[in-house]
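[1] please work out how this folds:
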Amino acid sequence: MALPGELWAELPAEQRIFCSVLLFSWAVYLWEAFLAHRQRRVYRTTTHVPRELGQIMDSETFEKSRLYQLDKSTFSFWSGLYSEVEGTMILLCGGIPFLWNLSGQISGRAGFGPEYEIVQSLVFLLLATLFSAVTGLPWSLYNTFVIEEKHGFNQQTLGFFFKDAIKKFIVTQCILLPVTSLLLYIIKIGGDYFFIYAWLFTLVVSLVLVTIYADYIAPLFDKFIPLPEGELKQQIETMAKSIDFPLTKVYVVEGSKRSSHSNAYFYGFFKNKRIVLFDTLLEDYSALNKEPAEGEDGENDETKSKTKNKKQGCKNEEVLAVLGHELGHWKLGHTVKNIIISQMNSFLCFFLFAVLIGRKELFAAFGFYDTQPTLIGLMIIFQFIFSPYNEVLSFCLTVLSRRFEFQADAFAKELGKAKDLYSALIKLNKDNLGFPVSDWIFSMWHYSHPPLLERLQALKDAKQE
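    Sure thing, here's the model as predicted:
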C-alpha cells in the first residue's frame, strides 16, 4: 500500500501545485476563523466594564461597543466563508480559463484576434472586476444598511450608496485598465530585464496616484473645503512650523455624508504637504453635532443627518494632539520607511515573477494548457503562488506598524500633547465604538495599532511625570 507521501509524489506537478494552493487557502481561512472565534468569545463573555477601564468608559458605551463588534465579527464570519467557498468553486470549476475564453470571444467579435492579448486581458479584467462588484454588492448593502445603520454610523441613503458604488467602479476602471495595459506592454517588450522596467513603472504609478489622490480623485466622492481661518488653523500651522513640516494647506472633508467614523491624514511629497481632517473628528465642525434648521427634517435626497444626544469629535487641543501623532509618523521617517519596504517587496516579487513566468506547469495547474497569458501569469504568481509569503509579510508589517504607532505617540508626548492625546484616544474610541478588550492572539495577528489600554498606559506615565 502506497503511503500518502508517495501518492503525492506521483501526482503531476500541475496537480500538486493546484492542491497546494487550495489547501493553503483553506488553512489560512481556518486560522482566521479560529482567531475570530477567540475574539467573538471575548465579545460574548466580557459583559461588564473591567476595573482598569472604569474611569474611561461608561457601561452604556461599553455595551454598545460590545454589541457592535459582535455584529461585525458575525458578519465577517459569514462573508469570509462565502468568499472562501466562492474562490474554491471558481478554481474547481475552471472559472478563470472560462472567463479568459469568454474575453477572447468578446474581443474577437470586436475585431481583435488572439494576437491582441492585451485587449483580451483588459476585457478579462473588466469582466472579473464586474463579477467581483456584483457578488460583493449584497454583502456591502447588508454591512451598510443593517449593521452600520443599526449602530448609528451609516449616513447614506440607498440612492447615494448606488451612485457612489457606480462612480467608484468607473473611476477604478479608468485607472486600472490603462495602467494594466501599459504594464503588460512593458513586460512584453522588456526583454530579459523586464522586471526592472515593470517595477520602475509601478513605482512611478504609485507615486503619481499618492500625489493626485486627494486633489483629483477623492473630491469626486467627498467635498473638500479649506479649514476656515481661526484659532485651530493657526495652532496647526504653528505646530507644523515647530517641527519643520512643510505644510501648504489644511482641508476638512465632509466624511459625515457617508459615515460618522472619523479620521485624519496628511499627504504630498517634498515641500508640498497637506493635512486632511474629517469633519467627524472636529467637534466644532461635525454636521452630526448640528441641529437641523427649523422646518427641515435633517435629511435630503442623498444623505441623512442623525443628530446625536452626545457631541461627537474632539476639541481643538485634542485635534492638535492627534495631528501631533500623525506628524510624528512623518518626522520619524515612518512614511519613507513604509515606501522603501513596499518597493523592496515589489521589486522582489517582480524578480521572482520573471523567474517563474516560464514554468508551463503553473499555467496548466489552473487550466491553461495551450496558452500562457501574461495577465494570468501575474494573477497566478502574485495571488496564489506568493500567498504564503504574503501572509508572513503581512504579519511582519502589522508588528512594525504597532511599533511605529507607539513611537508616534511618544513623539506627541515630546510635543507636550500627552494629556490631550490621552483624552482624544478615549473620545475616538467611544465615537467609533471600539471595544477595548481583545484576545491576545487575535490582537497580535490583526491589530496594526496597539490596544487602547496599552497606548493609554504609555501616555499615562508621561502625564504623571
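
[2] from here on, just use CA atoms for contacts and neighbour counts.
    Noted.

[3] where does pLDDT dip in the stretch 51-200 of the chain?
    Applying pLDDT under 70 to the stretch 51-200 of the chain flags no residue at all.

[4] where are the low-confidence patches of the stretch 351-465 of the chain?
    Within the stretch 351-465 of the chain, the segments meeting pLDDT under 70 span 461-465.

[5] buried residues, stretch 348-368. List them.
    Residues of stretch 348-368 classed as buried by neighbour count (16 or more other CA atoms under 10 Å): 349-351, 353-354, 357, 360-368.

[6] which parts of the stretch 201-350 of the chain are strands?
    Listed in chain order, the strands of the stretch 201-350 of the chain (DSSP state E, counting those that start in this stretch) span 224-226, 247-253, 264-267, 273-278.

[7] follow-up on the earlier one: biggest separation within the buried residues of stretch 348-368, which pair?
    F351 and G367 (24.3 Å; CA to CA).

[8] hey, C-alpha coordinates of stretch 111-121 in CSV?
    Listed next in CSV are the C-alpha coordinates belonging to stretch 111-121 (Å, rounded to 0.1, in the frame of the first residue of the first chain):
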residue,chain,number,x,y,z
GLY,A,111,-12.2,42.5,-34.5
PHE,A,112,-9.3,41.7,-32.1
GLY,A,113,-7.9,38.2,-32.7
PRO,A,114,-5.8,36.1,-30.3
GLU,A,115,-2.7,38.1,-31.2
TYR,A,116,-4.2,41.0,-29.4
GLU,A,117,-3.5,39.6,-26.0
ILE,A,118,-3.5,42.9,-24.2
VAL,A,119,-7.0,43.7,-25.5
GLN,A,120,-8.3,40.3,-24.3
SER,A,121,-6.6,40.9,-21.0
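
[9] what's near enough to touch A264?
    If you count contacts by CA atoms under 8 Å, 6 or more residues apart in numbering, A264 has them with I275, V276, L277, F278, L281, L323.

[10] ok, 7 Å please
    The neighbourhood of A264, defined by CA atoms under 7 Å, 6 or more residues apart in numbering, consists of V276, L277, F278.

[11] for L176, state which of the residues you listed is nearest.
    Top of the list for closeness to L176, among the contacts of A264 and by CA to CA, is V276 at 25.4 Å.

[12] Y265 is in contact with that closest one, correct?
    Yes. V276 lies in contact with Y265 (CA atoms under 7 Å); the separation is 5.4 Å.

[13] quick one: which of these two has more around it?
    In this comparison of V276 against Y265, neighbours counted by other CA atoms under 10 Å, the higher total goes to V276 at 21 against 13.

[14] is it true that E14 touches L362?
    Yes. Using CA under 7 Å, E14 is in contact with L362, at 6.3 Å.

[15] burial of V208, as a residue count?
    Every residue meeting other CA under 10 Å relative to V208 is counted, giving 11.

[16] re earlier: let me know which of the strands of the stretch 201-350 of the chain is tucked in deepest.
    For the strands of the stretch 201-350 of the chain, average neighbour numbers computed from mean count of other CA atoms under 10 Å are highest in strand 273-278, which has a mean of 20.

[17] let me see the mean pLDDT of that strand.
    Per-region confidence: strand 273-278 scores 87 on mean pLDDT.

[18] so what secondary structure elements neighbour that strand?
    Helices and strands touching strand 273-278, as assessed by 3 or more CA pairs under 7 Å, 6 or more residues apart in numbering; DSSP states H and E, comprise strand 247-253, strand 264-267.

[19] quick one: strands adjacent to it?
    Partner strands for strand 273-278, per DSSP bridges, with pairing direction: strand 247-253 (parallel), strand 264-267 (antiparallel).

[20] per-residue pLDDT, T303?
    pLDDT at T303 comes out at 51.
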